[in-house]
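Novice: This is a predicted model, with the sequence first.
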Amino acid sequence: MRILNKKNIIAVLFILLIYAAGEIMLRQGIIDSYIELNIILIGINIILAVGLNLVTGFTGQFSLGHAAFMAVGAYTSAILTAKFNQPFIVAIIFSAIAAALAGVIIGIPTLRLKGDYLAIATLGFGEIVKILALNIDYIGGARGFMDIPKYTNWTWIYFMVVLSIVVIKNFIDSRGGRACISISQDETAAEAMGINTTKYKILAFVIGAFFAGIAGALYANYFYFIKPDSFGYMKSIDILVIVVFGGMGSIAGSVVGAIVLSLISLFLQSIPELRMVIYAVILFLIMVYRPQGLLGKGEIKLKFLRKRVA
Amino acid sequence: MEQVLQQLINGISLGSIYALIALGYTMVYGIINLINFAHGDIYMIGAYIGFACTTFLGMSFIPALIVSMISTAVLGVIVEKVAYKPIRKSTRIAALITAISVSLFLEYGMMYFVKPETRTFPEVLSSKNITLGNLIVNNKDIYIVIITVVMMLVLQYVIHKTKIGMAMRATSMDSEAAQLMGISVDNTISTTFAIGSCLAGAAGVLVGVYYNSIDPLMGMMPGIKAFIAAVIGGIGIIPGAMFGGYLLGITETMVSAYGYSLYKDAVAFAILIFMLLIKPKGLFGKNVREKV
Amino acid sequence: MPILKLNKVSITFGGLKAVSDIDMTIEKGQIVGVIGPNGAGKTTLFNLLTGMYVPTSGEILFDKGTSIKLNGLKPYKITSHGIARTFQNIRLFGDMTVLDNVKMGFHSRTKCGLFSSVIRLPSYYNEEKKVKEEAEELLKILNLDSKKNELAKNLPYGEQRRLEIARALASKPSILLLDEPAAGMNPNETKELTGFIAWVREKFDLTIILIEHDIKLVMGICNKVYVLNYGNLIAGGTPEEVQKNPQVIEAYIGSEGA
């Protein structure tokens, strides 16, 4: 079976190794709860960034409302775990599906638009979702949703991150992924080459939303408490900065970007306004001097694995 | 019925504010095809300058207004030269992200320096109520509408009857051709930013005077709503921006009046999405086909 | 049954009739030229044929065994029926490699979906292998395989045009539309192109419709020529007939011409 080739086996072993290392360090207390918090945050950001990168970087659809999908996932998981006592796996699955559905609902009307108009429309939808959340008392409204059971841990985060990276990478390196990339290059030509651009734009959008939903669930079930304001325009921008910084069109870039920017956020925690000012300057400098971001469209190629493949 | 008319008056004042800000958006988009996300923040800075003038320099209303307008005009030009000129040839996404970064910079920069608390404007315009039958009209409402209308008339004059106005119109239609005709595109763009920004600054001072409180993030929502107003009227079309501003202001006040004030922002966005889907060129816009 | 038939096809933009009452009959295997002064509506015609524009009246019929009306079908559907095109201003996927550009062309002839791609079923591997092999084959035939890993935007102009054709051929069309393939070429290159087009038609069993300004190319290779002016069809026939048509002569000498 092709899937059992040498490269894949080494990759799987590598992945398990890192997991084991993390688990051991946690149990031995080498990694304390503060570091664990940050690892969880980085993991959530990676999932969000990789999903948004698929939409904006690979398919060229500028979305400023990605946080709305995170919100849908977070609230779905909160409701299922806190009010219906469902196990986490159930909550995560439903969060992902709910967010994906939101992706379909929002995507179908907005993806007819292009460029600036698409950006504003997604921003608009994102704000509408937030306003709806603020006004629904069942989920706490403006006061937020409290007492969400804490289920998220290293295991969940790690494997969800791996899942999101593998799924999106596999999609990109396939017929569907190529279709998405061609849409970002020249939508008219792509359509002329037989690609149903509407279908693929929505597909990319929904996949991104799906994973944002998972990220939302992981977030809700770690921080006990969520409120609508955490999922507004600012959060969408946060994720966008990571994607742009790492390179639109590079999965590895999103991972690296998430790590670097989460760390920068961490160090600037005490001066939140200055953090945003620095973010703004970073964004600006990237756009002017290196618009392709850190890794551009490249990936980190594991060359030494390649050579051994038969 | 009177309730409705009363709300209409409020709506017209709010609409004036949106219209003033929307003008800047639409002019800039018309000339360089960029949604200037930072525009709402220029409005905010205008409010703060007005605040500084009246509170620390003891100026009265009109002088403060004028100082603020001049300062924001200069700020607008600086923003254009420093941030937008370098990315004039970049992709749309790059331009948009740059605009977002400028916006964040202004918002959080302000917050860092003046602290996030709201400030109160001193009473520079004594509030007098005029009763017309059963309606109460505050003199501030009248000031806002008059000042707005005067500015719009001046703008129309500038656009249609001056050389620089003609240059602006030409550049927005075809900047290369305009350049070949000897128009300095750079100067025209700077002028556009200056005019748009000073109108936004004026709106900021008016809001400070009318609603009395200002804070560093006050530009975000009005900025987005003014953009929505510009889209409603037809982005790039100046009368459209005015119309859109008033339409949105009145709609929003009506929504609040009917008890749905929690949803008033959502209504604005819903209108936006509706417009983008049904008539993206706006109510006054023309349909232009992409040449394949 | 002609492979493509246009009956009184018109399209109006706003108040302007860009193309009016076009009647065309194209037989399988022909090379048909569409000529006319700039702005005559030639590219508009192509856009109508490929579904980018919808005719405001008339019908476009494509014979694939049964007759299919192309009006109103989305461009990607028309491509999967078997009509492919190149563009006047080359529209390659610049940041993708030459090989990937051609692989893109196979999209409508392959079907690996989201699930099999993500899970990496054997069908994914099989299809990818097949697409890669066929793409490389196509590149070899068109003399581009030495550049297969280059980014498309880095290719010289002539090779970019060939790549666009390769990409169009990947969709296994029955009809190939070439929009000004000789644009920007010198007389030698044009002569080569003439032979190339004839060879492509033979090798891939195609019907070819081409828009061109280079009259020598058109007269040299086309079985049939249609002439457009101001959106109207002013002549249609063999190259010799068209050359002698007084209306055609007037259109070319009266206006800017080729």
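Specialist: Here it is on my side, so go on.

Novice: who's in contact with stretch C:103-111?
Specialist: Residues lying outside stretch C:103-111 but in contact with it, judged by Cβ atoms under 8 Å, 6 or more residues apart in numbering or on different chains, are A:175, A:178-179, A:182, A:190, A:193-195, C:76, C:79-80, C:84, C:93, C:96, C:127, C:130-132, C:134-135, C:166-172. (C-beta placed from N, C-alpha, C; glycine too.)

Novice: near chain B at all, stretch A:229-245?
Specialist: Yes. In this structure, stretch A:229-245 sits against chain B according to Cβ under 8 Å from any Cβ of the partner chain; the contacting residues are A:Y233, A:I237, A:L240, A:V244.

Novice: what's around the second one, how many residues?
Specialist: Right, A:I237. Residue neighbour count, defined by other Cβ atoms under 10 Å in any protein chain shown, stands at 23 for A:I237.

Novice: Can you give me the pLDDT of residue 93?
Specialist: Picked chain A for this. What the model reports as pLDDT for A:I93 is 96.

Novice: that's the wrong chain, I meant chain B
Specialist: For B:I93, the model assigns a pLDDT of 79.

Novice: Quick check: closest non-adjacent residue to it.
Specialist: Counting by Cβ to Cβ, 6 or more residues apart in numbering or on different chains, the nearest residue to B:I93 once its immediate chain neighbours are dropped is A:F62, at 5.5 Å.

Novice: Next up, phi/psi of that neighbour, please.
Specialist: With angles defined as degrees, to the nearest 10, A:F62 sits at phi -80, psi 110.

Novice: Tell me who's in contact with A:E191.
Specialist: Neighbours of A:E191 in contact, by Cβ under 8 Å, 6+ apart: A:T197, C:M52, C:K74, C:P75, C:Y76.

Novice: for these, which one is nearest chain B?
Specialist: Sorting the contacts of A:E191 by how near they are to chain B, with Cβ to the nearest Cβ, puts C:M52 at the top with 5.7 Å.

Novice: Now do the same for that closest one: helix, strand or coil?
Specialist: Of the three states, C:M52 takes coil according to DSSP: H, G, I helix; E, B strand; the rest coil.

Novice: Over to the one 10 residues further on?
Specialist: Using three-state DSSP, the three-state assignment for C:F62 comes out as strand.

Novice: which residue packs closest to it, ignoring adjacent ones?
Specialist: Spatially, and ignoring its direct neighbours in sequence, C:F62 is nearest to C:I68 (4.8 Å; Cβ to Cβ, 6+ apart).

Novice: Quick check, that neighbour in contact with C:I60.
Specialist: No. Here C:I68 lies out of contact with C:I60, judged by Cβ atoms under 8 Å, at a distance of 9.2 Å.

Novice: Comparing those two, which shows the higher neighbour count?
Specialist: Set side by side, C:I68 and C:I60 give different neighbour counts by other Cβ under 10 Å, the larger being at C:I60 (24 against 15).

Novice: what's the first-to-last distance across stretch A:227-235?
Specialist: Its start and end residues considered, stretch A:227-235 measures 12 Å (Cα to Cα, to the nearest Å).

Novice: Can you point out the buried residues in that stretch?
Specialist: Within stretch A:227-235, the residues that qualify as buried by neighbour count (16 or more other Cβ atoms under 10 Å in any protein chain shown) are A:K227, A:P228, A:S230, A:F231, A:G232, A:Y233, A:K235.

Novice: Dump the contacts of A:E191 into JSON lines; add distance to chain B and pLDDT as well.
Specialist: Listed next are the contacts of A:E191 as JSON lines, based on distance: Cβ to the nearest Cβ, whole Å; pLDDT from 0 to 100:
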{"residue": "A:T197", "distance to chain B": "14", "pLDDT": "93"}
{"residue": "C:M52", "distance to chain B": "6", "pLDDT": "91"}
{"residue": "C:K74", "distance to chain B": "15", "pLDDT": "92"}
{"residue": "C:P75", "distance to chain B": "10", "pLDDT": "93"}
{"residue": "C:Y76", "distance to chain B": "15", "pLDDT": "93"}
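
Novice: buried subset of the residues you listed?
Specialist: Among those, those buried by neighbour count (16+ other Cβ under 10 Å) are A:T197, C:M52, C:P75, C:Y76.

Novice: what's the host helix or strand of A:A78 packed up against?
Specialist: Assignment of secondary structure by DSSP states H and E places A:A78 within helix A:66-78. Using 3 or more Cβ pairs under 8 Å, 6 or more residues apart in numbering or on different chains; DSSP states H and E as the contact criterion, the neighbours of helix A:66-78 among helices and strands are helix A:33-52, helix A:88-110, helix A:115-135, helix A:197-223, helix A:233-246.

Novice: could those go into a markdown table alongside distance to A:S270?
Specialist: Formatted as a markdown table, those follow (distance: least, Cβ to Cβ, whole Å):
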| stretch | distance to A:S270 |
| --- | --- |
| helix A:33-52 | 15 |
| helix A:88-110 | 32 |
| helix A:115-135 | 27 |
| helix A:197-223 | 20 |
| helix A:233-246 | 18 |
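
Novice: Comparing those, which comes out most buried?
Specialist: Mean neighbours per residue, mean count of other Cβ atoms under 10 Å in any protein chain shown, is largest over these for helix A:197-223, with a mean of 26.

Novice: Where does pLDDT dip in chain C?
Specialist: Chain C contains residues with pLDDT under 70 at C:253-258.

Novice: report the longest helix in it, please.
Specialist: helix C:122-141 (DSSP state H).

Novice: which element follows that one toward the C-terminus?
Specialist: Assigned by DSSP H and E, the successor of helix C:122-141 is helix C:157-170.

Novice: what angle do the next helix or strand after that next one and helix C:157-170 make?
Specialist: Next in sequence after helix C:157-170, counting helices and strands by DSSP H and E, comes strand C:175-179. Relative orientation of strand C:175-179 versus helix C:157-170 (axes from the mean of the first three to the mean of the last three Cα atoms, to 10 degrees): 160 degrees.

Novice: Pairing partners for strand C:175-179, with directions?
Specialist: Strand pairing for strand C:175-179, determined by DSSP bridges: strand C:83-85 (parallel), strand C:207-211 (parallel).

Novice: re the thing from before, quick check: what element follows the helix or strand hosting the residue nearest to C:F62 along the chain?
Specialist: Per DSSP H and E, C:I68 falls inside strand C:67-69. Where DSSP H and E defines the elements, the next helix or strand beyond strand C:67-69 is helix C:75-81.

Novice: contacts for that next one?
Specialist: A:191-197, C:49-52, C:62, C:64, C:68, C:70, C:73, C:108-109, C:171, C:173.

Novice: how distant is it from the center of its chain?
Specialist: In terms of Cα atoms, centre = their mean, to the nearest Å, the centre of helix C:75-81 is found 13 Å from the chain centre.

Novice: Would you mind extracting the C-alpha trace of that helix into PDB?
Specialist: Taking C-alpha atoms only, helix C:75-81 is exported to PDB below (Å, rounded to 0.1, in the frame of the first residue of the first chain):
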ATOM      1  CA  PRO C  75     -17.500  28.400 -18.200                       C
ATOM      2  CA  TYR C  76     -16.200  25.400 -16.300                       C
ATOM      3  CA  LYS C  77     -19.000  23.300 -17.600                       C
ATOM      4  CA  ILE C  78     -18.300  24.300 -21.100                       C
ATOM      5  CA  THR C  79     -14.700  23.300 -20.700                       C
ATOM      6  CA  SER C  80     -15.700  19.900 -19.500                       C
ATOM      7  CA  HIS C  81     -17.900  19.500 -22.500                       C
END
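
Novice: Just the buried residues of stretch B:74-92, please?
Specialist: For stretch B:74-92, burial by neighbour count (16+ other Cβ under 10 Å) applies to B:L75, B:G76, B:V77, B:V79, B:E80, B:A83, B:Y84, B:I87, B:S90, B:R92.
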